[in-house]
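*Asks:* Dropping a prediction and its sequence here:
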Amino acid sequence: MAPKMARKKKEGGGSNVFSMFDQSQIQEFKEAFTIMDQNRDGFIDKADLRDTFAALGRLNVKNEELEEMIKEAPGAINFTVFLTMFGEKLKGTDPEEIILNAFRVFDREGKGYVKADYMKEMLTTQADRFTEEEVKQTFTAFPPDPSGNLDYKNLVYVITHGEEKD
């Protein structure tokens, strides 16, 4: 048991993976972990993965495929390791194109901007709704031009690179 404890301490001690996500995200990851931890021992192993795939209707998963998944972890997969693995996967993604595509949904004519009034309406009435204060903060940080247009390409650049294009 000692090697597992030492490994666990090393994995959990150095970085605060919990600061990478907000509480609701951590809760969703915890629910996913609990679903995958089929035998409820606090770790995800090959048998848990096989059972999870079976529960999803995929019965003929090859041992090699399961072993490759398990090998992605630095050791036994407890919740902290599970969360760290997701953090590393998400950190490597380039969100610029993803965010641009989200804005393009609102830019039906492909002009590179959306009307600020329309954007405000979408932000306050759809999905994770913004409060008036959040909308105000957004438009203070990224004000529309004098015609009331929001240059989303520049906005996305600032979000993903931290500075405005010249």
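*Replies:* Alright, I've got the coordinates.

*Asks:* separation between residue 101 and residue 146?
*Replies:* Here residue 101 is placed at a distance of 27 Å from residue 146 (C-beta to C-beta, to the nearest Å). C-beta coordinates here come from the backbone N, C-alpha and C atoms, glycine included.

*Asks:* more neighbours, those two?
*Replies:* Per other C-beta atoms under 10 Å, whichever of residue 101 and residue 146 has more neighbours is residue 101, with 10 against 6.

*Asks:* State the phi and psi torsions of the more buried one.
*Replies:* Dihedral pair for residue 101: phi -60, psi -40, per degrees, to the nearest 10.

*Asks:* And for residue 44?
*Replies:* phi -100, psi 120.

*Asks:* correct me, but it touches residue 82?
*Replies:* Yes - using C-beta atoms under 8 Å, residue 44 is in contact with residue 82, at 6.5 Å.

*Asks:* shared neighbours of the two, anything?
*Replies:* residue 33 (C-beta atoms under 8 Å, 6 or more residues apart in numbering).

*Asks:* So between the two, which is more surrounded?
*Replies:* residue 44 (23 against 20).

*Asks:* Leaving out the residues flanking it, which one is nearest to the more buried one?
*Replies:* Nearest non-adjacent residue to residue 44, counting by C-beta to C-beta, 6 or more residues apart in numbering: residue 77, 4.3 Å away.

*Asks:* For that neighbour, list the residues it contacts.
*Replies:* Contacts of residue 77 by C-beta under 8 Å, 6+ apart are 43, 44, 45, 70, 85.

*Asks:* And for residue 156, the neighbour number?
*Replies:* For residue 156, using other C-beta under 10 Å, the count is 19.
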